[in-house]
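*Asks:* Take a look and give me a structure for this.
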Amino acid sequence: MKFSTLCAAVAGVLTAATLAGCSGSGSTAASGSTVVGVDYPRSDTDFWNAYIKYAPQFATQLGLDIKTTNSQNDIANLTANVQTMISQGVKGVVMAPQDTAAVIPTLQQLATKKIPVVSVDTRPDQGNVYMVVRADNRAYGEKACRFLGTKLAGKGKVVMLEGGLDSINGRDRTDAFNECMKTNFPGITVFGEATNWDANTAAQKLQTRLTANPDIKGVYMESSFALAGTLQLLKQRGVLVPAADPKHVFIVSNDGIAEELDKIRAGEMDATVSQPADLFAKYALQYIKDAIAGKTPVAGKTDHDSTILQIREGLMEDQLAAPLVTADGATFGPVTSVKVDDQSLWGNSKN
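*Replies:* Next comes the predicted model:
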């Protein structure tokens, strides 16, 4: 039995103190500071590892003492981790639930205990949190569509390696990409492949599609989890070639990790949408501090180049900027990209 599975299985009988060790709880020491729980959703991607790196840095800046756990993409682990945080006396919780429906009972429990929650990257399907900090995930799909549709001149075949459709992020990116293609590039055939954010699944399904359709000219990865497998497969098939070569397959991803930016510079992939790992950490912690202080958020433009939207009664979302990144900063219909060497991109940070 995997360690994470064992943790979830015995969650109902172990003490909270034991569960803290099981989930990998940690803390940033800050004497006299406000104690906040932060659950990291996973540590198997460069994007989330960057978020894990940024969170303690911003916690220190904001005077917060964070108690950290890692739910490893398992809702049972997240539930157990929250019990640990409650036992540690946290005043607020920052989480990034990957299953946005199954997290609802946990949010209800925290609400009963009057412990505010900030949700990062994902929005719960029901229930309320103090603030959702994410980017406009429909815009991710739209930008990827505009890029590939323009590059393929409105004709051809593309594969979309979808994330988990149990997540609002996966649904938003998938739906927006499909709708944009249908409306603006009806001559392009889209093969949607569900992968549940799993690299091996993505590689297997892409290989099957490429075998059946060797004339595929575009790949949209809804996250960088599929990057290594995609590049390896295209290299094996002899189509990982410069964009000027007729055999070139255009690749666009979502995340903006350093490796993606390096691959764009090297000409091995073409574009990505930079999801701001640094700002996710910064503003999630700022909002949980505001929630504990009793501040009321207000919809509208912010002072950090984003917009707070009223999603439904009791739920607001700060949609942070997430630019399309290309080698040359070109424009694709209504979408203007940012050059890959732009130093405002967190993927170019050396910290």
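
*Asks:* C-alpha from now on. contacts and neighbour counts both.
*Replies:* Noted.

*Asks:* just the helices in this protein please.
*Replies:* Shown for the chain, the helices assigned by DSSP state H span residues 3-9, 16-22, 46-62, 75-87, 104-112, 137-151, 168-184, 199-212, 227-236, 258-266, 277-292.

*Asks:* Could you dump those into TSV with distance to residue 124, mean neighbour count and mean pLDDT added?
*Replies:* Below are the helices of the chain laid out as TSV (distance: least, CA to CA, whole Å; neighbours: other CA atoms under 10 Å; pLDDT from 0 to 100):
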stretch	distance to residue 124	mean neighbour count	mean pLDDT
helix 3-9	21	16	36
helix 16-22	24	19	37
helix 46-62	19	18	95
helix 75-87	13	23	97
helix 104-112	7	15	96
helix 137-151	14	24	97
helix 168-184	8	20	95
helix 199-212	24	17	97
helix 227-236	27	17	96
helix 258-266	29	19	97
helix 277-292	15	22	97
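
*Asks:* Which one of these lies nearest to residue 249?
*Replies:* Nearest to residue 249 among these is helix 227-236 (7.9 Å), distances taken as CA to CA.

*Asks:* what angle sits between that closest one and helix 199-212?
*Replies:* With axes from the mean of the first three to the mean of the last three CA atoms, to 10 degrees applied, the angle from helix 227-236 to helix 199-212 works out at 30 degrees.

*Asks:* pull the CA atoms of helix 227-236 into PDB?
*Replies:* C-alpha atoms of helix 227-236 as PDB (Å, rounded to 0.1, in the frame of the first residue of the first chain):
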ATOM      1  CA  LEU A 227       5.800  18.200 -21.500                       C
ATOM      2  CA  ALA A 228       8.500  15.500 -21.300                       C
ATOM      3  CA  GLY A 229       6.400  12.700 -22.800                       C
ATOM      4  CA  THR A 230       5.200  14.900 -25.600                       C
ATOM      5  CA  LEU A 231       8.600  16.100 -26.600                       C
ATOM      6  CA  GLN A 232      10.000  12.500 -26.500                       C
ATOM      7  CA  LEU A 233       7.200  11.100 -28.700                       C
ATOM      8  CA  LEU A 234       7.600  13.900 -31.300                       C
ATOM      9  CA  LYS A 235      11.300  13.400 -31.300                       C
ATOM     10  CA  GLN A 236      10.900   9.700 -31.800                       C
END
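
*Asks:* so what does it touch, helix or strand wise?
*Replies:* Other helices and strands packing on helix 227-236, by 3 or more CA pairs under 8 Å, 6 or more residues apart in numbering; DSSP states H and E, are helix 199-212.

*Asks:* again, only using 10 Å
*Replies:* Here helix 227-236 touches helix 199-212, strand 218-221, strand 250-255, helix 258-266, going by 3 or more CA pairs under 10 Å, 6 or more residues apart in numbering; DSSP states H and E.

*Asks:* quick one on the thing from earlier: figure out which of the helices of the chain is closest to residue 347.
*Replies:* Residue 347 sits nearest to helix 258-266 of all the helices of the chain, at 4.4 Å, using CA to CA.

*Asks:* what's that closest one in contact with?
*Replies:* With CA atoms under 10 Å, 6 or more residues apart in numbering as the test, helix 258-266 has contacts from 46-47, 50, 224, 227-228, 231, 242, 251-255, 267-274, 325-328, 339-341, 345-350.

*Asks:* Buried members of the residues you listed into ChimeraX, please.
*Replies:* Only the buried entries of the contacts of helix 258-266 go into this ChimeraX selection, using 16 or more other CA atoms under 10 Å:
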select :46,47,50,224,227,231,242,251,252,253,254,255,268,269,270,271,272,273,274,325,326,327,339,340,341,345,346,347,348
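
*Asks:* which residue is nearest the centroid of the chain?
*Replies:* The geometric centre of the chain, computed from its C-alpha atoms, lies nearest to residue 121 (CA atoms, centre = their mean), at 5.4 Å.

*Asks:* wait, doesn't that one sit right on residue 170?
*Replies:* No: the criterion here is CA atoms under 10 Å, and residue 121 misses it with residue 170 at 11.1 Å.

*Asks:* what do the two both touch?
*Replies:* With CA under 10 Å, 6+ apart as the test, residue 121 and residue 170 both reach 98, 137.

*Asks:* Would you map out the domains in this protein?
*Replies:* Structurally, the chain divides into domains by automatic domain parsing as follows: 18-135+277-320, 137-274+323-348.

*Asks:* measure the last one end to end?
*Replies:* In this case it means domain 137-274+323-348. End-to-end span of domain 137-274+323-348 (CA to CA, to the nearest Å): 22 Å.

*Asks:* and that domain, how far from the chain's centre?
*Replies:* Chain-centre distance of domain 137-274+323-348: 15 Å, with CA atoms, centre = their mean, to the nearest Å.

*Asks:* Same question for the first one.
*Replies:* Remark: domain 18-135+277-320 is offset 14 Å from the chain centroid, using CA atoms, centre = their mean.

*Asks:* just for the stretch 251-351 of the chain, where's the confidence low?
*Replies:* 351 (pLDDT under 70).

*Asks:* try it again with 90
*Replies:* Applying pLDDT under 90 to the stretch 251-351 of the chain flags residues 305, 313-314, 321, 349-351.

*Asks:* Quick check: residue 222 touching residue 253?
*Replies:* Yes: if you go by CA under 10 Å, residue 222 and residue 253 touch, sitting 5.9 Å apart.
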